[in-house]
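Novice: Fold the stuff below for me.
(one chain, ligands or ions: 1)
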Amino acid sequence: MIDQEITTPEPGVISYQAQSLWDTAQALGFPAAIWRLPHRAEAVLLVSLREQIARRQPDLEALPTGFLLSPFLHAQPDEVLFLEGDLIFTLNESGQVLRMESPLGEEHPLVRPFLDAAAQVPAKAAPLAPTHLHPLNDEVPVPTGTFQNAVAQAVAAIREGYFDKVVLSRTKTLTYADDFPPLEAFQRLCRAYPTAFVSLVRLPERDEMWLGATPETLVELDANRIFRTIALAGTQRASTESGTLLPRQEVRWGQKEIEEQALVSRYIIECFKKIRLREYLERGPKTVLAGNLYHLQTEFEVDTQEVNFPELGTVMLRLLHPTSAVCGTPKEPALRFLTSVEGYDRSFYSGYLGPVNVERASNLYVNLRTMRLAQGVATVFAGAGITEDSDPEREWEETELKCQTLLRVLAPDPTT
Ligand SMILES: C=C(O[C@H]1C=CC=C(C(=O)O)[C@@H]1O)C(=O)O
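Specialist: Next up, the predicted model:
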């Protein structure tokens, strides 16, 4: 937990900007994460004043303030990256620091030099022009057609009874120049998607950043100890070709999407059953807007104090990940199938990420609608839930739409 609030800046006293702090963390080689929770105006920037990122068990009760980042598949059982919250800055919408907090204290030998260095950096970001991201080609390293073949194989395997659903994914690759401004990209996504969890994470030891705007809560534990998770699946475009938003009440779902989403809900209920928890609230499914897409969503809620289960968040995190929204059901055969046919490493895509014990809350999201930025190459990841009624071309188009959640904001097509 944060135990020391350093300063509440008064007008004219401190004028740190997100950009200077971000640039300083980068110059000094420190890991950093910036995020904006859904429906919030303020963003939070965390700087970890150490070069190495810790590997920790995702134990929400035991962890101090920080930011978790889990890959889809763990190298070691349950081990995830943990960025320690040595400095936490709350920012307004224009990136100005409103509050700073640190468990170390302002005069700590690492904190003071960092703040002094940040005060020297001119807060200038290059504006994000549409030309900053350039399409490289559609699918690297997997050749075009492979995704559709994998979908066809999955449909055949489902019809033969090996599993009920599998989520197959692919990448889309673009290039960017040295002057690509990640923080400006983050702010653009915040403005475009007020209901998403928008985040940018810098991992110096891997020389990469992850930028995304995900709609999917995995585990939320709020300050009142209320646990929440959601079942999210089923996808259709939210606007017409000309860009007009289709009214939510007019959205109709086919049998394929209804079943695909019901499998995710059932999976969550099975997790509750495993721990014999019956006192959960279930709301939905209802149609929700996620950027350029509509999904079906069911919400689940538990008052952990009422059921006397303080460690529910951690227990459910272990049981839920990877959910049927990113892996499949039953989990084991679906996972075996996807790792053998996808042909690439998902890395942090479809893992989870988010703040832990920040302002007494933990908010972990499934890492969807995300891109990796590394050495001039931006890799966008997207997947689609495959059931026995899937059509390979339609699933391809669905992954294309999911890639567009980021690309329509960061690399809009100049011809449209
Ligand atoms: C796997 C992704 O989305 C999941 C979440 C919502 C809807 C989904 C679907 O309709 O297939 C996916 O299960 C992704 O965005 O890469």
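Novice: Thr235 should be in a strand, yeah?
Specialist: Yes - under DSSP: H, G, I helix; E, B strand; the rest coil, Thr235 sits within a strand.
Novice: do you know how far the closest residue to His108 other than its chain neighbours is from Phe114?
Specialist: What sits nearest to His108 in space, not counting adjacent residues and going by CB to CB, 6 or more residues apart in numbering, is Ser102, at 7.3 Å. Just so you know, the C-beta spots here come from the backbone N, C-alpha and C atoms, and that holds for glycine as well. Applying CB to CB, to the nearest Å, the value for Ser102 to Phe114 is 10 Å.
Novice: list the residues that contact both of the two?
Specialist: Leu87 (CB atoms under 8 Å, 6 or more residues apart in numbering).
Novice: more neighbours, the two?
Specialist: Neighbours of Ser102 and Phe114, each counted by other CB atoms under 10 Å, are more numerous for Ser102; the result is 25 against 20.
Novice: Check whether the more buried one really touches Thr65, as I assumed.
Specialist: No - in this structure Ser102 lies outside contact range of Thr65 using CB atoms under 8 Å: 9.4 Å.
Novice: Which residue or residues pair with whatever residue of the stretch 51-200 of the chain ends up closest to the ligand through a beta bridge?
Specialist: Nearest residue of the stretch 51-200 of the chain to the ligand: Val167, at 5.2 Å (CB to the nearest ligand atom). For Val167, the beta-bridge partners under DSSP bridges are Gly385.
Novice: show me what contacts it?
Specialist: 324-328, 334, 338, 350, 383-386.
Novice: Taking these together, which two end up most distant?
Specialist: The widest separation within the contacts of Val167, taken as CB to CB, falls between Ser350 and Ile386 and amounts to 14.3 Å.
Novice: Excluding chain neighbours, give the residue nearest to Leu110 in space.
Specialist: The nearest residue in space to Leu110 (CB to CB, 6+ apart) is Leu49, at 4.3 Å.
Novice: The one you found: neighbouring residues, count only.
Specialist: 19.
Novice: mind giving me the domain split of this structure?
Specialist: Listed by automatic domain parsing, the domain ranges of the chain are 5-120, 130-196+217-410.
Novice: Need the ones you listed in JSON lines (columns: mean pLDDT and distance to Trp210).
Specialist: What follows is those, written out as JSON lines (pLDDT from 0 to 100; distance: least, CB to CB, whole Å):
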{"stretch": "domain 5-120", "mean pLDDT": "89", "distance to Trp210": "8"}
{"stretch": "domain 130-196+217-410", "mean pLDDT": "93", "distance to Trp210": "6"}
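Novice: will you turn the ones you listed into a markdown table that also has distance to Pro204?
Specialist: Shown next, in a markdown table, are the domains of the chain (distance: least, CB to CB, whole Å):
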| stretch | distance to Pro204 |
| --- | --- |
| domain 5-120 | 5 |
| domain 130-196+217-410 | 12 |
